[in-house]
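Undergrad: Here is a sequence with its predicted model. Questions after.
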Amino acid sequence: MPSPTVPSLAVPSPAVPSPAVPSPAVVDLRAGRRRDGVPWTDSPAPVLSWRTETAAPSWDQASASVAVTWLDRGGARESVELAGPDSVCVPWPFAPLRSRERVEVEVATTGTDGVVSAAARIGVEAPLLDGGDWTASWVSLPDAPEDAPGQLRTRFSAAAAPVRARLYVTALGSYEVELNGVRVGDEVLAPGWTSYRDRVLVQTHDVTDLVRPGTNVLGAWLAGAWFTERYGFFGRATRAYAGPAALLAQLELTHADGTRQVVATGPGWEGSIAGPLRSSGIYAGEEFDATRHDPAWSTASGAADGWAPAAVGDLDPAVLSPAGAEPVRRVLEVAPVAVTTSPSGATVVDFGQVLVGRVRIRVRGPRGHTVTLRHAEVLEDGELATRQLRYAWSVDRYTLAGGEQETWEPRSTFHGFRYLQVDDWPGALDPADVTAVVCSSDTRRTGSFTSSSPVLDRLHENVVWSTRGNFLSIPTDCPQRDERLGWTGDLQVFSGAAATLVDCDAFLASWLTDLALEQRRNGGVVPIIVPTAMAEDSEGVVAAWGDAATVVPWTLYERFGDRDLLARQYPSMRAWVEVELAQADDDGLWTRGYQLGDWLDPRAPADRPREGRTHPSLVASAYLFRSLDLVARTAGVLGHGEDAARYAGLAERTRRSFTDTYVTPRGRMVSEGPTTYAMALVFGLVRDPDLRAALGRRLAGIVREDGYRIGTGFVGTPLVMDALCAAGQTHAAGRLLLQTEAPSWLYPVTVGATTVWERWDALLPDGSVNPHEMTSFNHYAFGAVVDWLHRGLAGLAPAAPAYRRIRVAPTVLDGLTSARSELLTPYGPASAGWVLDGGRVTVTAVVPPGATAEVVLPDGSTDDVGSGEHSWTVPWSPQRPEPVLAGLDTDLADLVDDPEALTLVREVLATHDPGRARAFDGGLRYEAGSTLRTALLFADPAALDAVGEALTGLVRERSGMAR
């Protein structure tokens, strides 16, 4: 069994509040949504965002002065004054940019105190925005199988060094470009996976310094990656896209005299499959034979053998879209923590962390010798556990050129792994010769969390790692097996957590574009996977999965203030609810059709994960209400009054039918799973205060009956903590959150997990891997609870879009003495947290300039504050049931509320009746009115006597302590 000791890794931390400055200054000025500092925009009218850094308390922006200098129009300058506090996703206030146009944008702000800030300036450049700008054609490898990797190149002559050179490039597959032997850019697996039939991303690169007078060579490595991969389950995988991998590139050189020279893919390009890249696949891995590598292949001295004219294909420029999100990059490197020998004699490297990427090796050995690298997330019986990878072989091979030390890293694949099996290494393996290279979409980390519980903190970091690993070009379900797909339901439930942990506005805006395109192809139905990779992805109308169309845009608006995105996605949101309405009954409930329900409820059979305690029709009806409600709100934000009224009315119809059909007047749901109650409370389906209180009490009762173990699947897990705390059931919430027995959030941490699992018991307590074939050790969906850790536990939540107004409302839980959230909001660094000392709790908060906060303290008192640092101290006492023990006649509800007594009973049973003891490991229902004697009805009499004596002793001990 893996050790519960988890290594401490150097993980990038989110930004922390900047030191106080003597005067205000505009910082973090951006055009568009990307945060990686590139000047390229994806739109002729990019939104503008900035924030003002100042030490002035309660600062607010009164106006902003925005100026643009048109660098390609003789340096003409114009400016506008924007009144009001808006500084996030502000509409472009000037004429639209033209293709290739360069401008300088400058912003200064004036506070309500009349003080003018120092200005910020950035350069902005438009890529090719019109189809008529393109002269390039697709080129692919000559006489090659469609999934074969290889190299492409062309030679061109430049009369003089250009004053400006831009490379616009993309691929059906993945590419790496070299110009005169120098790698261009730092992207990995570019251009990334999109809905290739409708949209292919184009990257822009400044290559001015790489072009020289005379002969130049532009070359590219090309592999099929996602484009030629085969998708499908149970060995029935097929191609999703037709045709070979292809490259599209257009290099434009601007000379001093103003003339433009264009070098574009098409006739005159040549390709080769005779080089070192022998095979490459997302699932299979990569094979590289360095004996076949010509290091000068992309220079004027490159060898001519093995090259032939490239195949040329037609281009439909309508599919080309400038990249608007951060690309996949190498974001971190992790060194091994141990090298061991497995029972079979294999060399196994442990990186101490489940991660996503590939391994870079340094190796010296004889020419033609091949080293094999095999990857896995966990060990079983000391060997790599690969069964759950299914048909993803995850094997890389490198054949040495021989002689000098060689360094190699795969180009066009990635793996999910913690352990690396190294076969046929020449000589002894030095751990310093293998490095794990973490690859991820390069989103900026924004949220951090700390508490008095190291195990809870590690859970948070596990979710960070699962986000990093699954935010790779698209939001995937898992990064290791033969799947790695954009399941819409996984992202829907996780979007709030994602928007807390990282600035994912650009990343998810790009994915939502594909969602809308696939939806349009599918008659308004949102596929369960985006991009669509299999025919069955588009079959059926599936609640909670398709509702990503409404939930994700609204979440991005709520967290990032992206009204522009909300407007862009509104047709998709509206189309989805119309599809839902077509499925609904006349009373507004959705009771028909195949649904996935509360997927992976731990009470569902392992091979039928949709069959949990919450009936799928309740999930569908609840989400119909949720999406109608969100579309009505969106219509209101966008000024579509008629739509807002219509969808609000339809939402109310569904809400009333839901409560009339599924909620009893005494506060019971007809489907008794905790997810049912959580949806009713959190979605606002039930509004009557007394009925909500009754539902909250029953939810707490169900959680207690489950032994304070988790009882929710994908749908309920993000909601259950909110639901309990909204109903005032903080004792149940604390016991559920801090539970360490399976199933629970913390059980995986106690057995060494470093990421979030797909199944609550992916690794069984005995150290064996769950035998079900659908078992991933890197699945972020159940990690959605971290959003509540920030919003609910630490108490830092948005009360207005982009945290323009913050809600500071911490929840103090018995079992913790502190919790703190730090978040880089669009208005600046914010934080909230609390520390418990005796019977008093101190709450602190930092509100960024331009924002305000509404405060609700643990004792119920309130405050309203502006920007700056704030602190409050109030009394607090725990909501803790008094333990009641009556020997063998102890009520099971009282027993589970007395952790000391419960532990004692289990220990005694483990000695006297181990089979009966196992009933307490998740199978027993701790129902009020059922006694311990009843639960042990068929136990060994000696065990009964021992349990009774132990409890009597505990009562006596407590009585003595009380005296």
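TA: All right, it came through fine. Bear in mind that the values here come from a model prediction, so they are computed numbers and not experimental data.
Undergrad: quick one: the helices in the stretch 201-350 of the chain?
TA: Under the criterion DSSP state H, counting those that start in this stretch, the stretch 201-350 of the chain carries helices at the ranges 225-228.
Undergrad: ok, which stretches of it are strands?
TA: Here the stretch 201-350 of the chain has its strands, by DSSP state E, counting those that start in this stretch, at 214-223, 230-231, 238-239, 246-254, 260-264, 270-272, 277-281, 285-289, 308-309, 311-313, 320-322, 328-334, 338-341, 347-363.
Undergrad: between those strands, which gets nearest to residue 610?
TA: Residue 610 lies closest, by C-beta to C-beta, to one member of the strands of the stretch 201-350 of the chain: strand 230-231, at 21.3 Å. The way it works is simple: take the backbone N, C-alpha and C, and place the C-beta from them, glycine included.
Undergrad: Would you mind pulling the contact partners of that closest one?
TA: When contacts are defined by C-beta atoms under 8 Å, 6 or more residues apart in numbering, strand 230-231 is touched by residues 237, 238, 239, 240, 485, 533, 534.
Undergrad: ok, the last one touching residue 240?
TA: Yes - with contact defined as C-beta atoms under 8 Å, residue 534 counts as touching residue 240 (6.9 Å).
Undergrad: Check which element follows the helix or strand bottoming out on mean pLDDT in the chain along the chain.
TA: The helix or strand of the chain with the poorest confidence is helix 914-917; it has a mean of 83 (mean pLDDT, DSSP states H and E). Next in sequence after helix 914-917, counting helices and strands by DSSP states H and E, comes helix 932-935.
Undergrad: I'd say residue 617 and residue 591 touch.
TA: Yes - here residue 617 lies in contact with residue 591, judged by C-beta under 8 Å, at a distance of 4.3 Å.
Undergrad: quick revisit: can you lay out the strands of the stretch 201-350 of the chain as JSON lines showing mean pLDDT?
TA: Formatted as JSON lines, the strands of the stretch 201-350 of the chain follow (pLDDT from 0 to 100):
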{"stretch": "strand 214-223", "mean pLDDT": "98"}
{"stretch": "strand 230-231", "mean pLDDT": "95"}
{"stretch": "strand 238-239", "mean pLDDT": "93"}
{"stretch": "strand 246-254", "mean pLDDT": "98"}
{"stretch": "strand 260-264", "mean pLDDT": "97"}
{"stretch": "strand 270-272", "mean pLDDT": "98"}
{"stretch": "strand 277-281", "mean pLDDT": "97"}
{"stretch": "strand 285-289", "mean pLDDT": "98"}
{"stretch": "strand 308-309", "mean pLDDT": "98"}
{"stretch": "strand 311-313", "mean pLDDT": "97"}
{"stretch": "strand 320-322", "mean pLDDT": "98"}
{"stretch": "strand 328-334", "mean pLDDT": "98"}
{"stretch": "strand 338-341", "mean pLDDT": "98"}
{"stretch": "strand 347-363", "mean pLDDT": "98"}
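Undergrad: Which of the ones you listed sits closest to residue 880?
TA: Ranking the strands of the stretch 201-350 of the chain by proximity to residue 880 (C-beta to C-beta) places strand 347-363 first, at 36.4 Å.
Undergrad: I'd like to know which elements the closest one is packed against.
TA: Strand 347-363 sits against strand 328-334, strand 338-341, strand 370-376, strand 395-399, strand 406-408, strand 415-423, strand 434-441, helix 454-470, with contacts defined as 3 or more C-beta pairs under 8 Å, 6 or more residues apart in numbering; DSSP states H and E.
Undergrad: mind checking the backbone torsions on residue 42?
TA: Here is the backbone geometry of residue 42 (degrees, to the nearest 10): phi -110, psi 10.
Undergrad: list the contacts for it?
TA: When contacts are counted by C-beta under 8 Å, 6+ apart, residue 42 touches 32, 127, 321, 322, 323, 324.
Undergrad: neighbours around the third one, how many?
TA: For residue 321, the tally of surrounding residues (other C-beta atoms under 10 Å) stands at 18.
Undergrad: what is it paired to in the beta sheet?
TA: Under DSSP bridges, the beta-bridge partners of residue 321 are residue 201.
Undergrad: you'd agree it is up against residue 196?
TA: No - using C-beta under 8 Å, residue 321 makes no contact with residue 196, being 11.2 Å away.
Undergrad: what residue ranges in this structure are flagged as low confidence?
TA: Low-confidence segments of the chain (pLDDT under 70): 1-22, 922, 961-963.
Undergrad: Go again with 80.
TA: Residue ranges of the chain with pLDDT under 80: 1-22, 234-235, 535-539, 883, 921-923, 961-963.
Undergrad: what's the residue closest to the geometric middle of it?
TA: Centroid-nearest residue in the chain: residue 467, 3.9 Å away (criterion: C-alpha atoms, centre = their mean).
Undergrad: just checking, residue 456 touches residue 746?
TA: Yes - contact criterion C-beta under 8 Å: residue 456 and residue 746 qualify, at 7.0 Å.
Undergrad: Among those two, which residue is more densely surrounded?
TA: Remark: of residue 456 and residue 746, residue 456 carries more neighbours, 22 against 19, as counted by other C-beta under 10 Å.
Undergrad: Contacts only, for the more buried one.
TA: 737, 738, 746, 789, 816.
Undergrad: if you set the cut-off to 7 Å instead, what comes out?
TA: Residues near residue 456 by C-beta atoms under 7 Å, 6 or more residues apart in numbering: residue 746.
Undergrad: before we move on, back to that, nearest to residue 524, out of the strands of the stretch 201-350 of the chain?
TA: Nearest to residue 524, of all the strands of the stretch 201-350 of the chain, is strand 320-322, at 21.9 Å by C-beta to C-beta.
Undergrad: Which other helices and strands does the closest one contact?
TA: Contacts defined by 3 or more C-beta pairs under 7 Å, 6 or more residues apart in numbering; DSSP states H and E place strand 320-322 against strand 200-206.
Undergrad: tell me the angle the strand it packs on makes with strand 246-254.
TA: Going by axes from the mean of the first three to the mean of the last three C-alpha atoms, to 10 degrees, strand 200-206 is angled at 30 degrees with respect to strand 246-254.
Undergrad: From the chain's centroid, how far away is strand 200-206?
TA: 24 Å (C-alpha atoms, centre = their mean, to the nearest Å).
Undergrad: Over to stretch 501-512?
TA: When C-alpha coordinates are averaged (C-alpha atoms, centre = their mean), stretch 501-512 and its chain have centres 9 Å apart.
Undergrad: got it, and stretch 327-347?
TA: In terms of C-alpha atoms, centre = their mean, the centre of stretch 327-347 is found 23 Å from the chain centre.
Undergrad: what about that stretch, start to end distance?
TA: Terminal residues of stretch 327-347 are spaced 34 Å apart (C-alpha to C-alpha, to the nearest Å).
Undergrad: what's next to that stretch, contact-wise?
TA: Applying C-beta under 7 Å, 6+ apart, the external contacts of stretch 327-347 come out as 7, 9, 186-190, 192, 203, 348-353, 355, 381-383, 421-423, 425, 429, 431, 434-442, 472-473.
Undergrad: From residue 620, how far off is residue 749?
TA: Distance, residue 749 to residue 620, by C-beta to C-beta, to the nearest Å: 33 Å.
Undergrad: For those two, indicate the residue with more neighbours.
TA: Neighbours per residue, other C-beta under 10 Å: of residue 749 and residue 620, the larger number sits with residue 620, 25 against 22.
Undergrad: Which secondary structure elements does the strand or helix carrying that one sit against?
TA: Following DSSP H and E, the helix or strand that holds residue 620 is helix 616-638. For helix 616-638, the elements it packs on are helix 548-560, helix 563-583, helix 641-662, judged by 3+ C-beta pairs under 7 Å, 6+ apart.
Undergrad: Give me the buried positions along the least confident helix or strand of the chain.
TA: By neighbour count with 16 or more other C-beta atoms under 10 Å, helix 914-917 contains the buried residues 916, 917.
Undergrad: Neighbours of residue 338, how many?
TA: By other C-beta under 10 Å, neighbour count at residue 338 equals 12.
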